[in-house]
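In: No letters, just coordinates:
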């Protein structure tokens, strides 16, 4: 208990939010459509221009990724990097990361929303759900 309080105090002193360290991944993100693996397939069939963003870091992506997805790690996501991949802010765009415990896609979506993007889909189950269900995985 004392150690936890010490860590939280140190984080505040250096300008970090202790809430973010222990926060969990939400069940939904406002103004975002939550999808599962099957919904992702349906979306891709319905929207030829669907952009799929893999918000994971390089070492995670090396383990495999959803074919056709663009690598844009949350740590490099900003308005400029999004514009390169998604020039039109109303283009249907889906974000994913490792799975329900991964917050990278959440962070990327929050940034995309702040940059003015709409029509955002969130594949909360991410790569974990995709691969567990036996859907095709690409590897570079």
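Out: Happy to help now that I have it. What you are looking at is a predicted structure, and each value in this text was computed from that prediction instead of being measured.

In: from here on, contacts and neighbour counts on C-alpha atoms
Out: Noted.

In: How about residues contacting the helix or strand encompassing residue 83?
Out: Per DSSP states H and E: residue 83 is located in helix 79-85. Helix 79-85 has contacts (Cα atoms under 8 Å, 6 or more residues apart in numbering) with 51, 70, 72, 111, 112, 115.

In: And the helices in this protein?
Out: 2-13, 18-22, 37-46, 58-61, 79-85, 104-114, 126-132 (DSSP state H).

In: buried sites along the fifth one?
Out: Residues of helix 79-85 classed as buried under the neighbour-count rule (16 or more other Cα atoms under 10 Å) are 79, 82.

In: circling back to that earlier point, greatest separation within the contacts of helix 79-85: which pair is it?
Out: Maximum pairwise distance among those (Cα to Cα): 18.2 Å, between 70 and 115.

In: Could you check how far the spatially most central residue of the chain is from residue 46?
Out: Central residue of the chain (Cα atoms, centre = their mean): residue 105, 1.4 Å from the mean position. Separation of residue 105 from residue 46 (Cα to Cα, to the nearest Å): 22 Å.

In: If you average pLDDT over each of the helices of the chain, which is lowest?
Out: In terms of average pLDDT, helix 18-22 trails the rest of the helices of the chain, at a mean of 40.

In: okay, now residue 67: neighbour count?
Out: 12 (other Cα atoms under 10 Å).

In: thought residue 25 was touching residue 98?
Out: No - with contact defined as Cα atoms under 8 Å, residue 25 does not reach residue 98; the gap is 11.8 Å.

In: More neighbours: which of the two?
Out: Each of residue 25 and residue 98 has its neighbours counted (other Cα under 10 Å); residue 98 has more, 24 against 17.

In: Please tell me how far the more buried one sits from residue 42.
Out: 20 Å.

In: go on, residue 90?
Out: 19 Å.

In: hang on, the earlier thing: looking at the contacts of helix 79-85, which one is closest to residue 32?
Out: residue 112 (10.9 Å).

In: list the contacts for that closest one?
Out: 78, 79, 82.

In: Can you lay out the residues you listed as a markdown table showing distance to residue 130?
Out: Output for these, formatted as a markdown table (distance: Cα to Cα, whole Å):
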| residue | distance to residue 130 |
| --- | --- |
| 78 | 26 |
| 79 | 28 |
| 82 | 24 |
